[in-house]
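K.L.:
everything below, folded, please.
(2 chains)
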Amino acid sequence: MNTYLEDLVRDAQRRQAGRAVPPERILAKLPVRTTRRATVRRRGSLIVAAACAAGLAVASVPLAVRLDAPPDRPPIVAEGWSGVVPDFENLRPPEQVWPDAVHRLPATLPDGSTYSLQLSLGGGRYLVRGVGKNPGPAHNVGPKVFDTAAGTVQALGDPDAAGPDGTWLHDVAVDGDRAVWVLQQGAHQFDVWSAPLDGSAKARLAVRWTGPGVAYPIGLHAGSVYWATSVDKPATGIYRTPLSGGAPELVPDSAGFREYGQFPWVTPGPVINDLAVQQPPGAGARSGELLNLVTGERLHWTANPDARAVQCNPMLCVGWSADEKAVFQRLDGSAYTKLRYHQTVMWGEESALDGRFGVGTVQAAPSTSWIWDRATGAAASPPGARVELVGGAFPSTLAQWTDADGAIYALDLADIK
Amino acid sequence: MTFEEFVAARLAPLIKYATVVTWDPHLAEDITQDVLIRAQARWVRISGLDAPEQYVKRMILNQFLSWRRRRAARQVSVSTQALDAIAPPVADGAAAVADRDLVLRLIATLPPKQRAALALRYYEDLPDDEIGELLGCRPVTVRSQISRALATLRAALPATPSLVEEVSS
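P.N.:
Residues are numbered from 1 along each chain as shown, chains lettered A, B, ... in the order given. Below you'll find the predicted structure:
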């Protein structure tokens, strides 16, 4: 039916679109470089907003979250998925399922400024992104150590290093007793900085990509930064550079592989990843493999014959079926479980800790956001809130959400045994 | 495409999309900004998708629906009677213009999901199954949401001959 009323609705919506705020108002809050003066102002607004968007998350764990195989880290791939999928619409809140790993977070640092969670260091200490209305040059976009017990904040950036405009804290990790972070400058430059967590020495520029083309850091392991080449070009493999410096070297057997947000696992491109968009029937590979950049382990996956498309992490695969339902399966195609949720546009799951944890949303009514520990089978859903993994390209170990009252909660995945 | 290039090329359409979905230019601004900041952090991955803009729009819609849940307790619905007081039916030659104005205001009173469904169908021209996936419901529910939305608008609009004749089918 194409009625006068529908025409009115269309007209009303076109007029509503005309009421949209000028793009300049938002551009002014994004780190797009124009002039130095303008950029400083924009960056200030941006980071304030970033804190609102990403939430202010803090969690406590007994030991630091280390990317170089910490001894306290929970077993991951060894504890496989049972093949059972939770009833996503009847889950308890995370604070009931994992009471020791969920933390309600303060809204501000002790000085009243806002911050954004990056990593848990344990013992009530956290790596955060300090923010303010005028954060200043690059050193102020470095991480800070927030000790909630002592009520102190230690900036790790180099106070003498005035960075260029448009600098953005891209990722944060911990390497032993040092914090390592990636500053993105403009679109293509990623600098890796390092500083002792106790603030006993100035930060230093550890690594900058010196190979051909454009590359960005995807993870850190055993003192080396791993780099993926730009997604704008064919995948040439994964490179690594010691934090102590040196030329990037191609990780053995990684030629032709590309990252897909599951470091240290990579996959041959092209990728139908967890952000997959609609694919025509039959599109995408029916089988493939994953490569562990650290151990060299390879995992083969194959789509169940009924699956239209899948995307796999080391634990399981998610996707959708030929009749457009959301599905899970093991990497070998077994334990194929078709959910009742219609799904063709996108199957929104992100995974963490080598696929042990999944965070996603099922398109129920209302849509339900969940987090699921595949190793234990436990799953939870914060009522009326959407769970998100914290972080950028580096592997995330924290999930967070905001409740109906605006309170922010963090779930430290590394704290779940 | 870099994040900066994406923003430069697609920011205005994204803001318009957010404005139509939220029916609130200021909320649209907040949501678009939040979403772009999050998208920037993951741009190396998002840019590798076949349709990054579609993904960012999905983020905007999700953010709106999440935002709606958080702010629901502070939102005040406007009754049809109140709207009648604001914009009483008119019967003069400017009826068509008045209808448009009234529809503009009435849509703002619809439940957010109905509002979003209208936007996705009549602004984005999406089919019902895709709208259903975006809203988290079945296509039949999409149709009922839109039907209810139109029924609400129809009931609130002045009973002009053209509307009675064309909409009642």
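K.L.:
which stretches in the chain count as helices?
P.N.:
In the absence of a named chain, chain A is used. Along chain A, the stretches classed as helices by DSSP state H are A:4-18, A:23-27, A:36-54, A:94-97.
K.L.:
not quite, I wanted chain B
P.N.:
With DSSP H as the criterion, chain B has helices spanning B:3-22, B:25-41, B:43-46, B:52-71, B:80-86, B:95-107, B:112-122, B:128-135, B:139-156, B:161-167.
K.L.:
quick revisit: rank the helices of chain A by pLDDT, which is bottom?
P.N.:
Least confidently modelled of those is helix A:36-54, at a mean of 30 by mean pLDDT.
K.L.:
from residue B:58, how far off is the closest residue to chain A within chain B?
P.N.:
Here chain B gets closest to chain A at one residue, residue B:136, 3.2 Å apart by Cβ to the nearest Cβ. In this view, the C-beta of every residue, glycine as well, is placed from N, C-alpha and C. As judged by Cβ to Cβ, to the nearest Å, residue B:136 and residue B:58 stand 11 Å apart.
K.L.:
for the residue at minimal distance from the centre of chain B, which non-adjacent residue is spatially closest?
P.N.:
Ranked by distance to the mean C-alpha position of chain B (Cα atoms, centre = their mean), the top residue is residue B:21 at 2.6 Å. Of all residues not flanking residue B:21 in the chain, residue B:119 sits nearest, at 4.8 Å (Cβ to Cβ, 6 or more residues apart in numbering or on different chains).
K.L.:
re earlier: turn the helices of chain B into JSON lines, including mean pLDDT.
P.N.:
Formatted as JSON lines, those follow (pLDDT from 0 to 100):
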{"stretch": "helix B:3-22", "mean pLDDT": "86"}
{"stretch": "helix B:25-41", "mean pLDDT": "81"}
{"stretch": "helix B:43-46", "mean pLDDT": "75"}
{"stretch": "helix B:52-71", "mean pLDDT": "72"}
{"stretch": "helix B:80-86", "mean pLDDT": "44"}
{"stretch": "helix B:95-107", "mean pLDDT": "70"}
{"stretch": "helix B:112-122", "mean pLDDT": "87"}
{"stretch": "helix B:128-135", "mean pLDDT": "80"}
{"stretch": "helix B:139-156", "mean pLDDT": "81"}
{"stretch": "helix B:161-167", "mean pLDDT": "40"}
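K.L.:
make TSV out of the ones you listed and add distance to residue A:330.
P.N.:
Formatted as TSV, the helices of chain B follow (distance: least, Cβ to Cβ, whole Å):
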stretch	distance to residue A:330
helix B:3-22	36
helix B:25-41	31
helix B:43-46	24
helix B:52-71	27
helix B:80-86	54
helix B:95-107	47
helix B:112-122	35
helix B:128-135	25
helix B:139-156	30
helix B:161-167	52
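K.L.:
mind splitting chain B into its structural domains?
P.N.:
Following the assignment in automatic domain parsing, chain B carries domains at B:3-74, B:80-159.
K.L.:
could you identify which of those is most buried?
P.N.:
Among the domains of chain B, ranked by average contacts under mean count of other Cβ atoms under 10 Å in any protein chain shown, first place goes to domain B:3-74 (a mean of 20).
K.L.:
what distance separates it from the centre of its chain?
P.N.:
Remark: domain B:3-74 is offset 13 Å from the chain centroid, using Cα atoms, centre = their mean, to the nearest Å.
K.L.:
do stretch A:390-404 as well
P.N.:
Offset of stretch A:390-404 from its chain centre (Cα atoms, centre = their mean): 6 Å.
K.L.:
now swap in stretch A:374-382 and tell me
P.N.:
Centroid displacement of stretch A:374-382 relative to its chain, using Cα atoms, centre = their mean, is 19 Å.
K.L.:
now swap in stretch A:324-334 and tell me
P.N.:
Averaging C-alpha positions (Cα atoms, centre = their mean) puts stretch A:324-334 23 Å from its chain's average.
K.L.:
alpha carbons of that stretch, as CSV, please.
P.N.:
Extracted C-alpha coordinates of stretch A:324-334, given in CSV (Å, rounded to 0.1, in the frame of the first residue of the first chain):
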residue,chain,number,x,y,z
GLU,A,324,18.9,-17.8,7.7
LYS,A,325,19.1,-18.8,11.3
ALA,A,326,22.0,-18.1,13.7
VAL,A,327,24.2,-21.2,14.2
PHE,A,328,27.1,-22.5,16.2
GLN,A,329,29.3,-25.4,15.4
ARG,A,330,32.6,-26.9,16.3
LEU,A,331,35.5,-26.3,13.9
ASP,A,332,35.0,-29.7,12.3
GLY,A,333,31.3,-28.9,11.6
SER,A,334,30.0,-31.1,14.4
